[in-house]
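Participant: Just to be clear, the model below is a prediction. Sequence and coordinates:
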Amino acid sequence: MVIRMRTAHTADLDPSELRDVRALLDDAFDGDFSDADWDHGLGGMHVLVRDGGGLAAHGSLVMRRVRHGGCWLRTGYVEAVAVRADVRRTGLGGRVMAELERVVDRAYDLGALAASDEGALLYTARGWQQWPGRVHALSPDGIVGLPEEEGGVYVRPALAGPLDPDGELVFDWRDGDVT
């Protein structure tokens with residue numbers, strides 16, 4: 001079976017590709033992928049993996065700002081990672097992540113993502129580190145704590161170098177889930 005991988009910006013995906021991505025995400029997340037989740041994965045780079053059965057895997061990387069240690073870091077934030085059910089555990093998720101990590105390492109101060117317990121296995125195996133510190137967001141009303149997100153955020157220090165685990169991460173605000 002021939003595997004084809006493509007990396008492209010949202011602007012370079014045609015409507016049929018975007019429909020395929022959304023369908024994959026809806027299936028992979030058992031219908032628990034909201035319109036806000038979809039919006040979070042747009043406006044950046046996408047990795048699409050196709051096989052003989054169509055779209056087999058996807059992940060996207062969007063730019064966000066995260067404050068840490070008094071500096072706002074240009075952050076490549078991983079979103080919308082999914083693998084079609086019939087090809088899970090075949091390395092396609094790792095291929096998607098390798099390409100997203102290449103972009104993070106070369107273009108961003110920091111990589112970050114939020115993961116479920118199941119998804120975290122993929123990320124930690126690839127060297128992503130569970131963030132041990134506090135997590136906040138810069139909301140329209142000021143900085144607010146996100147204690148329910150703590151333990152579910154993973155980072156990949158890129159150009160910024162090591163992070164202070166005693167510090168906090170303050171994410172830029174967005175509708176829906178902030179992290």
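Facilitator: On my side now, so go ahead.

Participant: Go ahead and measure how far the strand of greatest length in the chain is from the middle of the chain.
Facilitator: Longest strand of the chain, by residue count under DSSP state E: strand 54-68. Offset of strand 54-68 from its chain centre (CA atoms, centre = their mean, to the nearest Å): 4 Å.

Participant: That one packs against which elements?
Facilitator: helix 15-28, strand 45-51, strand 71-83, helix 92-107, strand 110-114, strand 168-172 (3 or more CB pairs under 8 Å, 6 or more residues apart in numbering; DSSP states H and E). For glycine as for every other residue, the C-beta is placed from the backbone atoms N, C-alpha and C.

Participant: If you average the pLDDT over it, what comes out?
Facilitator: Per-residue pLDDT over strand 54-68 has a mean of 98.

Participant: residues touching Ala107, list them.
Facilitator: Gly76 (CB atoms under 8 Å, 6 or more residues apart in numbering).

Participant: Against Pro162, how distant is it?
Facilitator: The gap separating Ala107 from Pro162 is 19 Å, by CB to CB, to the nearest Å.

Participant: What of Val87?
Facilitator: Taken as CB to CB, the span from Val87 to Pro162 is 36 Å.

Participant: more crowded one of the two?
Facilitator: Val87 (17 against 6; other CB atoms under 10 Å).

Participant: Contacts only, for the spatially closest residue to that one that is not a sequence neighbour.
Facilitator: Nearest non-adjacent residue to Val87, counting by CB to CB, 6 or more residues apart in numbering: Ala56, 5.1 Å away. Going by CB under 8 Å, 6+ apart, Ala56 touches Ile3, Val49, Arg50, Val83, Arg84, Val87, Leu92.

Participant: Ala8 is in what secondary structure piece?
Facilitator: Using DSSP states H and E, Ala8 maps to strand 4-9.

Participant: shaky segments in the chain?
Facilitator: Scanning the chain for pLDDT under 70 picks out the ranges 1.

Participant: ok, now with 90
Facilitator: Residue ranges of the chain with pLDDT under 90: 1-2, 31, 53, 117-119, 157-162, 175-179.

Participant: center of it - which residue?
Facilitator: The chain has Val78 as the residue nearest its centroid, 1.5 Å off, counting by CA atoms, centre = their mean.

Participant: I'd like the distance between that residue and Gly52.
Facilitator: 27 Å.

Participant: now do Val104
Facilitator: From Val104 to Gly52 the distance is 30 Å (CB to CB).

Participant: What helix or strand is Asp166 located in?
Facilitator: Going by DSSP H and E, Asp166 is not in any helix or strand.
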